[in-house]
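Engineer: dropping a prediction and its sequence here:
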Amino acid sequence: MLVERSAEATAIPLNDVARDRAVTAPALSRAKRALDIAAAGSALAVFGILLGMIALAVLIMEGRPILIRHRRIGRNGVSFPCLKFRTMVRDADAALSRHLASHPEALAEWQETHKLKRDPRVTPLGRVLRDTSLDELPQLFNILRGEMSLVGPRPIVADEIKRYGLAFADYKAVRPGLTGPWQCSGRNDVSYEQRVHMDSQYVRSWSLTSDLIIIMKTVPAVIKSRGVY
């Protein structure tokens, strides 16, 4: 309960006019979508062989399924299947339940962030894919399908909506991104309240220039693997 109030307290006061002008103006929206399609298509052409190699490695080392389709919240609050290479053991839910039941400190961490720095579900190959963010490459297909954008708030699950509080109106005004302000600002080293604030700021002050800046910042952030776990 304290976390929920804190998230709302740090949210930027609503200004629907500013948000709508930033992300829904027809010309700007078309330009952003055109950039998404061009960038995602080019990336798939460049990284197609790498995607195939990763898929083969997952198949050989971990077996099926190769991809997971996790339900995330997208634009207008509509859920969609967010694609990722599988980085966890097959019985991930059962493994998590056992771990949280026997490790109170892990339970507290999970309740606070919905993540674990030392997640027993992650496989050795999965750890490499996560550290390099290569597990998220299949989301290029989500971009081409119009479910995601190259840049935007990182997609959240339904249970996280309440943590956004009033700022969820900003989140659902745009497509979630393959990268975004949280991705290049420390990721899991950033508090959830800061993440909500950054997402709102991004939506309200959006421009093509800000997207390009975030893309350029993402490259060194991925290389350093800061906040990745």
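Structural biologist: Looks like it arrived, so ask away. Numbering: from 1, shown residues only.

Engineer: contacts only, for the closest residue to residue 143 other than its chain neighbours.
Structural biologist: For residue 143, ignoring the flanking residues on the chain, the nearest one in space by C-beta to C-beta, 6 or more residues apart in numbering is residue 40 at 4.0 Å. Using the backbone N, CA and C atoms, a C-beta is placed for each residue, glycine as well. Neighbouring residues of residue 40 by C-beta atoms under 8 Å, 6 or more residues apart in numbering: 140, 141, 143, 144, 150.

Engineer: phi, psi for the residue sitting nearest the centre point of the chain please.
Structural biologist: Centroid-nearest residue in the chain, with C-alpha atoms, centre = their mean: residue 154, separated by 3.1 Å. Backbone torsions of residue 154, given as degrees, to the nearest 10, read phi -70, psi 140.

Engineer: what mean pLDDT does the host helix or strand of residue 29 get?
Structural biologist: Counting by DSSP states H and E, the element that carries residue 29 is helix 26-62. For helix 26-62, mean pLDDT rounds to 93.

Engineer: what sits against the spatially closest residue to residue 160 that is not a sequence neighbour?
Structural biologist: Once flanking residues are discounted, residue 160 sits nearest to residue 114: 6.8 Å by C-beta to C-beta, 6+ apart. If you count contacts by C-beta under 8 Å, 6+ apart, residue 114 has them with 157, 159, 160.

Engineer: just residue 208 next, same as before
Structural biologist: Contact partners of residue 208, counting by C-beta under 8 Å, 6+ apart, are 28, 31, 32, 35.

Engineer: which one of the residues you listed is nearest residue 103?
Structural biologist: Closest approach between the contacts of residue 208 and residue 103, by C-beta to C-beta: residue 32, at 42.9 Å.

Engineer: hang on, isn't that closest one packed against residue 148?
Structural biologist: No: in this structure, residue 32 is not within contact of residue 148 by C-beta atoms under 8 Å, at 11.8 Å.
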